[in-house]
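Student: with the sequence up front, the predicted model follows.
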Amino acid sequence: MKLIRAKNYKDMSRKAANFLSAQVILKDNSVLGLATGGTAEGIYEQLVEWYRKGDIDFSEVSTVNLDEYVGLDAKNERSYQYFMNHHLFQHINISEKNYHLPDGKAEDIEEECRRYDRLIEKLGGIDMQLLGLGENGHIGFNEPGEAFEQMTHCIQLKEDTIQANARYFSSKDEVPKQAITMGVKAIMQARAIVLCASGARKADILKRVLFGPVTPEVPGSILQMHPRLIVIADAEAMGE
Ligand code: F6R
(Lines give C-alpha, C1' and ligand atoms only; values in the text may rest on other atoms or scores of the structure.)
Protein backbone atom coordinates (compact mmCIF):
# COMPACT_ATOMS: atom_id res chain seq x y z
CA MET A 1 0.00 0.00 0.00
CA LYS A 2 1.22 3.46 -0.87
CA LEU A 3 -0.16 6.09 1.48
CA ILE A 4 -0.04 9.66 0.24
CA ARG A 5 -0.83 12.55 2.55
CA ALA A 6 -2.48 15.54 0.93
CA LYS A 7 -2.83 18.95 2.55
CA ASN A 8 -6.50 19.44 1.77
CA TYR A 9 -9.27 18.51 -0.69
CA LYS A 10 -7.70 20.44 -3.57
CA ASP A 11 -4.33 18.85 -3.00
CA MET A 12 -5.92 15.37 -2.78
CA SER A 13 -7.74 16.05 -6.06
CA ARG A 14 -4.53 17.12 -7.82
CA LYS A 15 -2.58 14.13 -6.54
CA ALA A 16 -5.28 11.67 -7.60
CA ALA A 17 -5.63 13.36 -10.99
CA ASN A 18 -1.88 13.00 -11.37
CA PHE A 19 -2.09 9.22 -11.01
CA LEU A 20 -4.98 8.98 -13.49
CA SER A 21 -3.29 11.20 -16.04
CA ALA A 22 0.03 9.36 -15.67
CA GLN A 23 -1.87 6.14 -16.35
CA VAL A 24 -3.33 7.61 -19.54
CA ILE A 25 0.00 9.07 -20.64
CA LEU A 26 1.74 5.70 -20.15
CA LYS A 27 -1.04 3.75 -21.89
CA ASP A 28 -3.24 5.85 -24.17
CA ASN A 29 -5.98 3.20 -24.42
CA SER A 30 -6.25 2.71 -20.67
CA VAL A 31 -9.45 1.45 -19.09
CA LEU A 32 -10.25 3.68 -16.13
CA GLY A 33 -12.71 2.67 -13.44
CA LEU A 34 -14.49 5.79 -12.23
CA ALA A 35 -16.52 6.87 -9.21
CA THR A 36 -19.09 9.58 -8.58
CA GLY A 37 -19.63 11.69 -5.47
CA GLY A 38 -18.06 14.65 -3.74
CA THR A 39 -14.63 13.03 -3.46
CA ALA A 40 -14.36 12.58 -7.22
CA GLU A 41 -15.63 16.02 -8.29
CA GLY A 42 -12.37 17.90 -7.69
CA ILE A 43 -10.39 15.15 -9.43
CA TYR A 44 -12.50 15.49 -12.57
CA GLU A 45 -12.24 19.27 -12.42
CA GLN A 46 -8.46 18.94 -12.40
CA LEU A 47 -8.46 16.44 -15.27
CA VAL A 48 -10.65 18.78 -17.34
CA GLU A 49 -8.25 21.65 -16.66
CA TRP A 50 -5.27 19.61 -17.82
CA TYR A 51 -7.21 18.39 -20.85
CA ARG A 52 -7.96 22.01 -21.83
CA LYS A 53 -4.28 22.84 -21.52
CA GLY A 54 -3.54 20.01 -23.95
CA ASP A 55 -1.80 17.82 -21.36
CA ILE A 56 -4.08 14.75 -21.56
CA ASP A 57 -5.73 13.03 -24.50
CA PHE A 58 -8.76 10.84 -23.77
CA SER A 59 -9.48 9.84 -27.38
CA GLU A 60 -8.39 6.23 -26.86
CA VAL A 61 -9.45 5.92 -23.22
CA SER A 62 -12.38 3.76 -22.07
CA THR A 63 -14.12 4.19 -18.73
CA VAL A 64 -16.43 2.05 -16.63
CA ASN A 65 -18.21 3.53 -13.65
CA LEU A 66 -18.73 1.69 -10.42
CA ASP A 67 -22.43 2.12 -10.03
CA GLU A 68 -25.80 3.61 -10.93
CA TYR A 69 -29.13 3.98 -9.16
CA VAL A 70 -31.89 1.64 -10.31
CA GLY A 71 -34.69 3.61 -12.00
CA LEU A 72 -32.70 6.70 -13.00
CA ASP A 73 -31.38 7.47 -16.47
CA ALA A 74 -29.03 10.07 -17.96
CA LYS A 75 -31.80 12.70 -18.16
CA ASN A 76 -32.29 12.59 -14.40
CA GLU A 77 -29.95 15.08 -12.74
CA ARG A 78 -29.46 12.73 -9.78
CA SER A 79 -28.29 9.84 -11.93
CA TYR A 80 -24.62 8.97 -11.95
CA GLN A 81 -24.65 9.11 -15.75
CA TYR A 82 -25.73 12.75 -15.50
CA PHE A 83 -23.03 13.41 -12.88
CA MET A 84 -20.35 11.95 -15.12
CA ASN A 85 -21.52 13.85 -18.21
CA HIS A 86 -21.71 17.06 -16.22
CA HIS A 87 -18.38 16.80 -14.41
CA LEU A 88 -16.22 15.02 -16.96
CA PHE A 89 -17.38 13.46 -20.20
CA GLN A 90 -18.89 16.53 -21.87
CA HIS A 91 -15.70 18.51 -21.24
CA ILE A 92 -13.11 16.09 -22.65
CA ASN A 93 -12.47 14.29 -25.92
CA ILE A 94 -13.70 10.88 -24.81
CA SER A 95 -15.81 9.15 -27.43
CA GLU A 96 -19.42 8.39 -26.44
CA LYS A 97 -18.95 4.73 -27.28
CA ASN A 98 -16.06 4.50 -24.82
CA TYR A 99 -17.69 5.49 -21.53
CA HIS A 100 -19.91 3.10 -19.68
CA LEU A 101 -22.15 2.96 -16.63
CA PRO A 102 -24.61 0.29 -15.60
CA ASP A 103 -28.04 1.05 -17.09
CA GLY A 104 -30.33 1.83 -14.16
CA LYS A 105 -33.35 1.69 -16.44
CA ALA A 106 -32.61 -1.76 -17.88
CA GLU A 107 -35.70 -3.95 -18.03
CA ASP A 108 -33.83 -6.99 -16.78
CA ILE A 109 -31.50 -5.80 -14.02
CA GLU A 110 -29.96 -9.24 -13.54
CA GLU A 111 -29.04 -9.45 -17.22
CA GLU A 112 -27.72 -5.88 -17.10
CA CYS A 113 -25.31 -6.92 -14.32
CA ARG A 114 -24.03 -9.84 -16.42
CA ARG A 115 -23.72 -7.56 -19.46
CA TYR A 116 -21.60 -5.14 -17.41
CA ASP A 117 -19.22 -7.89 -16.26
CA ARG A 118 -18.87 -9.13 -19.85
CA LEU A 119 -18.18 -5.58 -21.01
CA ILE A 120 -15.34 -5.10 -18.49
CA GLU A 121 -13.89 -8.44 -19.55
CA LYS A 122 -14.14 -7.50 -23.22
CA LEU A 123 -12.30 -4.25 -22.52
CA GLY A 124 -9.47 -6.31 -21.07
CA GLY A 125 -10.11 -5.41 -17.42
CA ILE A 126 -9.61 -2.16 -15.53
CA ASP A 127 -6.14 -0.61 -15.50
CA MET A 128 -6.80 1.87 -12.72
CA GLN A 129 -9.85 2.10 -10.48
CA LEU A 130 -10.71 5.32 -8.65
CA LEU A 131 -12.61 4.84 -5.40
CA GLY A 132 -14.24 7.08 -2.81
CA LEU A 133 -15.16 5.74 0.59
CA GLY A 134 -18.60 5.66 2.20
CA GLU A 135 -18.83 6.64 5.86
CA ASN A 136 -19.93 3.08 6.59
CA GLY A 137 -16.93 1.69 4.71
CA HIS A 138 -18.69 0.98 1.45
CA ILE A 139 -16.81 1.00 -1.86
CA GLY A 140 -18.99 1.37 -4.92
CA PHE A 141 -22.35 0.51 -3.36
CA ASN A 142 -21.04 -2.59 -1.63
CA GLU A 143 -22.62 -2.17 1.74
CA PRO A 144 -21.44 -3.70 5.05
CA GLY A 145 -22.16 -7.40 5.32
CA GLU A 146 -22.06 -8.26 1.62
CA ALA A 147 -19.92 -11.12 0.38
CA PHE A 148 -16.51 -10.19 -1.00
CA GLU A 149 -16.95 -12.66 -3.89
CA GLN A 150 -19.52 -10.65 -5.83
CA MET A 151 -19.22 -9.33 -9.35
CA THR A 152 -21.69 -6.71 -10.62
CA HIS A 153 -25.02 -7.02 -8.82
CA CYS A 154 -28.11 -5.18 -7.60
CA ILE A 155 -28.18 -4.06 -3.97
CA GLN A 156 -30.63 -2.55 -1.48
CA LEU A 157 -29.15 0.68 -0.12
CA LYS A 158 -28.64 0.74 3.63
CA GLU A 159 -30.44 3.38 5.67
CA ASP A 160 -27.21 5.28 6.51
CA THR A 161 -26.23 5.43 2.82
CA ILE A 162 -29.71 6.72 1.88
CA GLN A 163 -29.27 9.31 4.62
CA ALA A 164 -25.78 10.30 3.42
CA ASN A 165 -26.92 10.59 -0.21
CA ALA A 166 -30.11 12.50 0.62
CA ARG A 167 -28.06 15.71 0.33
CA TYR A 168 -28.04 15.23 -3.44
CA PHE A 169 -31.87 14.87 -3.61
CA SER A 170 -34.65 17.24 -2.58
CA SER A 171 -35.75 14.81 0.13
CA LYS A 172 -34.64 11.53 1.63
CA ASP A 173 -37.73 9.82 0.18
CA GLU A 174 -36.50 10.58 -3.32
CA VAL A 175 -33.28 8.58 -2.92
CA PRO A 176 -33.67 5.33 -4.87
CA LYS A 177 -33.64 2.25 -2.68
CA GLN A 178 -31.66 0.08 -5.08
CA ALA A 179 -28.52 0.41 -7.15
CA ILE A 180 -26.42 -1.63 -9.53
CA THR A 181 -22.82 -1.81 -8.41
CA MET A 182 -19.62 -3.51 -9.43
CA GLY A 183 -18.96 -6.04 -6.70
CA VAL A 184 -15.93 -6.19 -4.45
CA LYS A 185 -14.48 -9.03 -6.51
CA ALA A 186 -14.82 -6.97 -9.70
CA ILE A 187 -13.16 -3.98 -8.01
CA MET A 188 -10.31 -6.11 -6.68
CA GLN A 189 -9.58 -7.32 -10.22
CA ALA A 190 -8.48 -3.82 -11.24
CA ARG A 191 -4.73 -3.75 -11.83
CA ALA A 192 -4.31 -0.63 -9.66
CA ILE A 193 -6.63 1.10 -7.23
CA VAL A 194 -6.59 4.74 -6.15
CA LEU A 195 -8.63 5.23 -2.98
CA CYS A 196 -9.33 8.84 -2.04
CA ALA A 197 -10.71 10.35 1.15
CA SER A 198 -11.15 13.89 2.33
CA GLY A 199 -12.54 15.50 5.45
CA ALA A 200 -12.87 14.65 9.13
CA ARG A 201 -16.05 12.62 8.60
CA LYS A 202 -13.95 9.99 6.77
CA ALA A 203 -11.20 9.79 9.43
CA ASP A 204 -12.63 7.03 11.57
CA ILE A 205 -13.64 4.77 8.69
CA LEU A 206 -10.37 5.34 6.80
CA LYS A 207 -8.44 4.08 9.81
CA ARG A 208 -10.66 0.99 10.03
CA VAL A 209 -10.37 0.34 6.29
CA LEU A 210 -6.58 0.56 6.21
CA PHE A 211 -5.56 -0.82 9.57
CA GLY A 212 -8.53 -2.72 11.00
CA PRO A 213 -9.46 -6.37 10.47
CA VAL A 214 -10.38 -7.40 6.93
CA THR A 215 -14.09 -8.10 7.18
CA PRO A 216 -17.21 -7.78 5.00
CA GLU A 217 -18.58 -5.55 7.79
CA VAL A 218 -16.09 -2.94 6.51
CA PRO A 219 -16.19 -3.57 2.74
CA GLY A 220 -13.22 -1.29 1.98
CA SER A 221 -10.98 -3.29 4.33
CA ILE A 222 -10.46 -5.89 1.57
CA LEU A 223 -8.35 -3.28 -0.22
CA GLN A 224 -5.53 -4.09 2.23
CA MET A 225 -5.08 -7.27 0.17
CA HIS A 226 -4.71 -5.47 -3.15
CA PRO A 227 -1.15 -5.62 -4.56
CA ARG A 228 -1.27 -2.08 -5.97
CA LEU A 229 -3.29 0.13 -3.69
CA ILE A 230 -2.62 3.86 -3.64
CA VAL A 231 -4.38 5.80 -0.87
CA ILE A 232 -4.59 9.56 -1.14
CA ALA A 233 -6.12 11.27 1.87
CA ASP A 234 -6.05 14.79 3.17
CA ALA A 235 -4.90 15.80 6.66
CA GLU A 236 -8.44 15.75 8.09
CA ALA A 237 -9.20 12.28 6.73
CA MET A 238 -5.88 11.09 8.16
CA GLY A 239 -6.78 12.57 11.54
CA GLU A 240 -7.15 9.14 13.13
C1 F6R B 1 -19.86 6.53 -6.03
C2 F6R B 1 -19.48 5.45 -5.11
C3 F6R B 1 -19.47 5.64 -3.63
C4 F6R B 1 -18.77 6.92 -3.18
C5 F6R B 1 -18.83 7.03 -1.66
C6 F6R B 1 -18.22 8.34 -1.17
O7 F6R B 1 -19.77 6.09 -7.37
O8 F6R B 1 -19.21 4.41 -5.59
O9 F6R B 1 -18.84 4.53 -3.05
O10 F6R B 1 -17.44 6.91 -3.62
O11 F6R B 1 -20.15 6.98 -1.23
O12 F6R B 1 -19.04 9.39 -1.57
P13 F6R B 1 -18.56 10.90 -1.43
O14 F6R B 1 -17.35 11.05 -2.28
O15 F6R B 1 -19.71 11.73 -1.94
O16 F6R B 1 -18.26 11.12 0.01
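Tutor: Sure thing, it's come through. Everything numeric here is computed off the predicted structure, so don't read it as measured data.

Student: specify the local secondary structure of Leu130.
Tutor: Taking DSSP: H, G, I helix; E, B strand; the rest coil as the rule, one finds Leu130 in the strand state.

Student: report the separation between it and the ligand.
Tutor: Distance check for Leu130 against the ligand: by Cβ to the nearest ligand atom, to the nearest Å, it reads 9 Å. Where C-beta positions appear, they are placed from N, C-alpha and C, glycine not excepted.

Student: so who does that residue touch?
Tutor: For Leu130, the residues meeting the contact criterion (Cβ atoms under 8 Å, 6 or more residues apart in numbering) are Ala16, Leu20, Leu32, Gly33, Leu34, Ala35, Ala40, Ile43, Val194, Cys196.

Student: for the residues you listed, work out which two are farthest apart.
Tutor: Farthest-apart pair in the contacts of Leu130 is Leu32 and Cys196; separation 13.8 Å (Cβ to Cβ).

Student: stretch 223-240 and the ligand, are they touching?
Tutor: No. Stretch 223-240 is not in contact with the ligand by Cβ under 6 Å from any ligand atom; minimum separation 10.4 Å.

Student: ok, back up a step: more neighbours, Leu32 and Cys196?
Tutor: Neighbour count, other Cβ atoms under 10 Å: between Leu32 and Cys196, Cys196 has more, with 29 against 23.

Student: is it true that the more buried one touches Lys202?
Tutor: No. The criterion here is Cβ atoms under 8 Å, and Cys196 misses it with Lys202 at 9.4 Å.

Student: name the residues contacting each of these two.
Tutor: Leu133, Ala233.

Student: I'd like the contacts of Leu130 as JSON lines, with distance to the ligand and secondary structure appended.
Tutor: Conversion of those to JSON lines gives the following (distance: Cβ to the nearest ligand atom, whole Å; DSSP: H, G, I helix; E, B strand; the rest coil):
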{"residue": "Ala16", "distance to the ligand": "12", "secondary structure": "helix"}
{"residue": "Leu20", "distance to the ligand": "15", "secondary structure": "helix"}
{"residue": "Leu32", "distance to the ligand": "13", "secondary structure": "strand"}
{"residue": "Gly33", "distance to the ligand": "10", "secondary structure": "strand"}
{"residue": "Leu34", "distance to the ligand": "8", "secondary structure": "strand"}
{"residue": "Ala35", "distance to the ligand": "4", "secondary structure": "coil"}
{"residue": "Ala40", "distance to the ligand": "6", "secondary structure": "helix"}
{"residue": "Ile43", "distance to the ligand": "10", "secondary structure": "helix"}
{"residue": "Val194", "distance to the ligand": "12", "secondary structure": "strand"}
{"residue": "Cys196", "distance to the ligand": "8", "secondary structure": "strand"}
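
Student: so which of those wins on neighbours?
Tutor: For the contacts of Leu130, counting by other Cβ under 10 Å, the largest number of neighbours falls to Cys196: 29 neighbours.

Student: contacts only, for that one.
Tutor: The neighbours of Cys196, taking Cβ under 8 Å, 6+ apart as the test, are Met12, Ala16, Thr39, Ala40, Ile43, Leu130, Leu131, Gly132, Leu133, Val231, Ile232, Ala233.

Student: same deal with Asp28?
Tutor: Taking Cβ under 8 Å, 6+ apart, one finds Asp57, Ser59, Glu60, Val61 in contact with Asp28.
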